[in-house]
Every structure is written in C-alpha cells, then in structure tokens.
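Participant: This is a predicted model, with the sequence first.
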Amino acid sequence: MSHSNGHNHKHHHHNDLRGRNLIISIFLNIAITVAQVVGGLISGSLSLLSDALHNFSDVLSLIISYIANKLTKKRASIKKTFGYKRAEILAAFINATTLIVIAVLLIVEAIERFQNPQAIESNLVIWLSLIAILGNGFSVLLLKKDSEANMNMKSAYLHLITDMMASVAVLIGGLLMKYFQMFWVDSFLTFLIALYLVWMGYDLLKNSIKVLMLFTPDSIPIQKIVDEINMFEAIKNVHHVHVWQLNEEEIHLEAHIDFNNNITLSEFDIILHEIEDLVFNKYDINHVNIQPEFGKDDAKEVIVQD
C-alpha cells in the first residue's frame, strides 16, 4: 500500500508572461541575426559572423524554450502520466549542448583566421554590434526574472546574456580595427567569446543531466532525512529510499517504512502527514510516496539497487 500527498505541490506558473517575452525575444534575435550575417559577409568580419551564429543559436534556443514552455501546460494522460513536466529540463539540456558545439566550431575557425588575418570594414562592425547590444539587452531584461527560478528560462537567458557580452567584445574590436588597424583582434575576440560559451554551457549541461538522470538534488541530505524519520516512535526502519527532481517545481521522495506494530490505515495517515510536513518545510520536498510495511522480509538498506 502506498500513499502520496496532494496538498504540498508548489506552483509558480507565469507561463503566459514567459511565452510573450520569449516570442518578443525570438523576433528580436531573428532581426539581429539577419543583419549580422549580411554585415559580416560584406565587412569580412569573422567575429561579427560568429556573433551572428551565436544569435542564430539564440533563436533556436528561444524557440525550443517556447515550445517546452507550452508543452508543460499539457495535461497528464494514461500514456503520459507525468504529462510534459520534463520538457523544460530537456530544452535546457539541448540549449546547453548547442552552446558548447557552437563554441568548439568558433574556436577552430578563430585559430585558422588568426593565422591569416584579413582587412575588415570596421564601420559596419561597429554599428551592427551596437544594434545587437541593444536588442539582446532588451531580451535579457525581459527574461531575467523568470531565469532565477526556472532552468529552461535560465538556459535561454544565458544564451542572450553571453551574446550581449559577445557583441560588446565585437564593438571593442571594431573600434580597435578602425582606429589602430588591429585586424588580428577580430580572431582573438572570437576565441574569447567561444571559451566563454563553453564555460557557461558546461554548468547548465551538468545540472540538466543531473535532473534527467534522476540524481538526488545537491540540496537534499538523504541520510539526515532518514535519521529524522526514524526518530518517529512508531517507525522501526526507513529503507529503499529514492529522491529525485522531476522538474523545476517538484522534488519527489519515495521510501519503504517498516513499522513496529501492525497499525491501522488511519494511524498511518496521521504519521504520513507528519512526514510530509517535515520534508516539505525543511527540504522543499513536495511529493511523498510511502510504502508502509510490517515484518516484511526485504532489504533494509537506505539505498537498495532495484
């Protein structure tokens, strides 16, 4: 017999506002990308083209984030008992992966161009980088609030903020090329932009993989929780424990509990609610599934290999 709570679910949905902000950011970045591709080809600037490529990745990441945001609204069904609650985590994983792949391509291209620097039309680079800074800056402001509490929105936000910083670097490079003819700086800045993308993407990739692999969240001390539940007078042993993060808003705890006596269902319900309150108030675990046992012959270790 298992029992799970239905009163401790936390919901912080601002999906409509998120969707609107994402749409605005998508169209802004499409315009910036087109302008930078045309400008990069005309001027011969690799850093401008690399910024355009990064902006294009922004467009893709924002579209993925928008689709994931919409999917999370879909209701659960017989075939999809959790619905699409993990869509945003999957989007964060895809976005982080694309960041790193694009960065590696840019590093290769920057090294090749560094060996053969070319003259560049710096005026076009300066004006287009200014436009990109303004456009990405506005998008960053739109997504900042939601990025603080949502991994999917954070992935989109990171794409945008890194691109804004890259555009600032391209602007500086354009000024150096215009006034000091330092054309090698174009490749150097491309290399730095790429390294920054790897650094930003790796952390997000690592966190999204942890969630997808059902790893215990870093903030959850399983042994301490087990010790606290074991202190309940009626409980003999807590074992076969699983804790995982389903999405941004749900942390699940599943465990078997061996009781000292053959208690009634109503007595179990009272203890269950006490456990729910304990783990919710102290550890933000908002979905509890307990299998009560009495004298059952099974493995009693905290972690049992299924």
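Facilitator: Arrived safely. As the structure is a computational prediction, the values presented were derived from the model and not from experiment.
Participant: Pretty sure residue 290 sits in a helix.
Facilitator: No. Under DSSP: H, G, I helix; E, B strand; the rest coil, residue 290 falls outside any helix and is assigned strand.
Participant: hang on, isn't it packed against residue 272?
Facilitator: Yes. Assessed by CB atoms under 8 Å, residue 290 is found in contact with residue 272 at 5.9 Å. C-betas here are computed from N, CA, C, even on glycine.
Participant: Comparing the two, which residue is more hemmed in?
Facilitator: Taking neighbours as other CB atoms under 10 Å, residue 290 and residue 272 compare with residue 290 leading, 22 against 18.
Participant: which SS state does residue 249 fall under?
Facilitator: Reduced to three states with three-state DSSP, the structure at residue 249 is coil.
Participant: could you point out where the stretch 151-300 of the chain is predicted with low confidence?
Facilitator: Within the stretch 151-300 of the chain, no stretch falls below the threshold (pLDDT under 70).
Participant: so where do the helices sit in it?
Facilitator: 151-180, 185-212, 222-230, 265-283 (DSSP state H, counting those that start in this stretch).
Participant: Outside of the third one itself, list whatever touches it.
Facilitator: What it means is helix 222-230. Contacts of helix 222-230 with the rest of the structure, by CB atoms under 8 Å, 6 or more residues apart in numbering, involve 216, 235, 237-238, 241, 243, 253, 255, 257, 275, 278-279, 282-283, 302-303.
Participant: Residue 203 versus residue 273, what's the distance?
Facilitator: 38 Å (CB to CB, to the nearest Å).
Participant: circling back: of all the contacts of helix 222-230, which comes closest to residue 64?
Facilitator: Proximity of the contacts of helix 222-230 to residue 64 (CB to CB) peaks at residue 216, which lies at 26.8 Å.
Participant: pretty sure that closest one is touching residue 244, no?
Facilitator: Yes. In this structure residue 216 lies within contact range of residue 244 using CB under 8 Å: 6.8 Å.
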